[in-house]
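# Sequence first, then the predicted structure, then my questions.
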Amino acid sequence: MDKSRMTFTFRQSHKEPARGARDLRERRPFEYYRRADGRTYARHAGRNGDSGKNSPFLRLFWLMPAILATITGMVLGLGVLFVFKNATPESKPITKTIAPTSPGTAPVSPTLQTLPGLDLVAYQVGAFKDQEAAKKEAANLEKSGLQPVVRNSDMVQLFVGVAVDKTQGQPVADALAQAKVRYYVKEYKVEQRKGVMQGITAKDAAVVSGALTQTAQVLKDGIPLATAKSPQKEALDAWSKRVQALGTQLETARQVLEKAGKRGEIIRLDDILEQLNAASVNLQQGGRLLEVLRPLVQSIVNYEELTSKLVQP
């Protein structure tokens, strides 16, 4: 058989059915059509075949305005409740009581003042827990020719002399040994005071502070003269003139304290000046060492008590 002459005819096994009129028309929303499995569903349906109107998202979307309105109302209501709860029934202005000042006087305006201290050594002949025992011992010492100064601290102390240090105080130790008096050398530190002077104007406080600063310096410079075996006359005269000039300053400070009604401070201030004058006279006359030192020690104790009471931190 001659295969070159063989011909093959291909025929279509089946014809594609013609699309009906329904299939040719444009599909519209909400139109149902058939799945491959035979089920029909709306074009707008979800993945499960449910209508979009019944989906959880759409239901939540329509409820969102109502939810937001509810939350906003609750927040505003709680805010208003909080404001009215903390509000006082009646607001009253805050007032500060200011002490009246007489015409022509400056208002009290405390400023910080600094009063110097003193670093010394003291010659102590007794320390007691109560005043009665201290007075009894002081009376016994006076019979021996000594007049101790009482200093009130944590204990009642009896001082008979002071010095800048032990070296310069050796003449004091020799005098006490000659008098056969038992003594102890103690550090004596008058604390520096820094604070305000209550009830005194800033201008007047500066006056008092200046006078007491000069007092501390005069006391400090007078101690080496008192403990020296043979002080120079020129140095004694210069120190005596400083004591006299200090009297004018202390008198001005006294007027300030008197105006402020500080009677206790005035008593100590007057005694400081009186004791300094006595020490100046004793030095000029060449008095005995312990007699010269006694008014200086009393002035230092008065200064310590005055500054501790006058200046408040």
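Great, that's in hand.
# Flag every buried residue along the host helix or strand of Lys189.
Secondary-structure assignment from DSSP states H and E places Lys189 in strand 184-190. By neighbour count on 16 or more other Cβ atoms under 10 Å, the buried set for strand 184-190 is Val185, Tyr188, Val190. For the C-beta atoms, the positions are set from N, CA and C on the backbone; glycine is no exception.
# which parts of the helix or strand just after that strand are buried?
Using DSSP H and E, the helix or strand that follows strand 184-190 towards the C-terminus is strand 193-195. By neighbour count with 16+ other Cβ under 10 Å, strand 193-195 contains the buried residues Arg193.
# Strand 193-195 - what's its average pLDDT?
Taken as a whole, strand 193-195 has a mean pLDDT of 94.
# Check which helices and strands the next helix-or-strand element following it sits against.
Heading C-terminal from strand 193-195, the first helix or strand you meet, by DSSP H and E, is helix 202-227. The elements that helix 202-227 packs onto, with contact taken as 3 or more Cβ pairs under 8 Å, 6 or more residues apart in numbering; DSSP states H and E, are strand 113-115, strand 118-128, strand 156-163, helix 233-259, helix 263-285, helix 289-310.
# roughly how far is helix 202-227 from the heart of the chain?
29 Å (Cα atoms, centre = their mean, to the nearest Å).
# same question, stretch 244-253
35 Å.
# List the buried residues of it.
Leu246, Gln249, Leu250, Ala253.
# How about residues contacting it?
207-208, 210-212, 214-215, 218, 269, 272-273, 276-277 (Cβ atoms under 8 Å, 6 or more residues apart in numbering).
# just stretch 139-153 next, same as before
125-126, 134, 137-138, 156-160, 179, 181, 290, 294, 297-298, 301, 304-305.
# now do stretch 183-193
Residues from elsewhere that reach stretch 183-193 (Cβ under 8 Å, 6+ apart): 113-125, 157, 159-160, 162, 166, 169, 173, 176, 300, 303-304, 307-308, 310-311.
# Buried subset of those as a ChimeraX selection?
To isolate the buried members of the contacts of stretch 183-193 in ChimeraX, using 16+ other Cβ under 10 Å:
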select :113,115,116,118,120,121,122,123,124,125,157,159,160,162,169,176,300,303,304,307,310,311
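# May I ask which two of the buried residues of stretch 244-253 are separated the most?
Leu246 and Ala253 (10.1 Å; Cβ to Cβ).
# Out of the contacts of stretch 244-253, which is nearest to Asp130?
Nearest to Asp130 among these: Ile272, at 26.7 Å, using Cβ to Cβ.
# what distance separates the start and the end of stretch 174-184?
One end of stretch 174-184 sits 13 Å from the other (Cα to Cα, to the nearest Å).
# Now do the buried residues in that stretch.
If you call a residue buried by 16+ other Cβ under 10 Å, then stretch 174-184 has these buried ones: Ala175, Leu176, Val181, Tyr183.
# how about these in TSV, adding distance to Ser144?
As requested, the buried residues of stretch 174-184 are exported to TSV (distance: Cβ to Cβ, whole Å):
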residue	distance to Ser144
Ala175	12
Leu176	11
Val181	7
Tyr183	12
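# what pairs with Lys189 across the strands?
Asp119 (DSSP bridges).
# Tell me the spacing between it and Gly117.
Distance, Lys189 to Gly117, by Cβ to Cβ, to the nearest Å: 7 Å.
# what's the answer for Gln192, then?
From Gln192 to Gly117 the distance is 4 Å (Cβ to Cβ).
# in the chain, which ranges drop under the pLDDT threshold?
Counting by pLDDT under 70, the chain has low-confidence residues at 1-63, 80, 82-110.
# Domains in it, by residue range?
Here the domain parsing of the chain from automatic domain parsing is 30-84, 113-310.
# Just name the most buried of these.
Neighbour counts (mean count of other Cβ atoms under 10 Å) averaged over each of the domains of the chain peak at domain 113-310, with a mean of 17.
# Any idea how far apart the tips of it sit?
10 Å.
# what separates it from the chain centre, distance-wise?
33 Å.
# If Gly161 is in a bridge, with which residues?
Under the criterion used (DSSP bridges), Gly161 bridges to Tyr123.
# That one and Val150, how far apart?
14 Å.
# Also Val243?
Counting by Cβ to Cβ, the separation of Val243 from Val150 is 24 Å.
# what's the answer for Lys166, then?
Where Val150 is concerned, Lys166 sits at a distance of 23 Å (Cβ to Cβ).
# And for Val162?
Distance check for Val162 against Val150: by Cβ to Cβ, it reads 14 Å.
# quick one: what helix or strand has Asp174 in it?
helix 170-178.
# can you give me the angle that helix makes with helix 289-310?
Per axes from the mean of the first three to the mean of the last three Cα atoms, to 10 degrees, the angle that helix 170-178 makes with helix 289-310 is 110 degrees.
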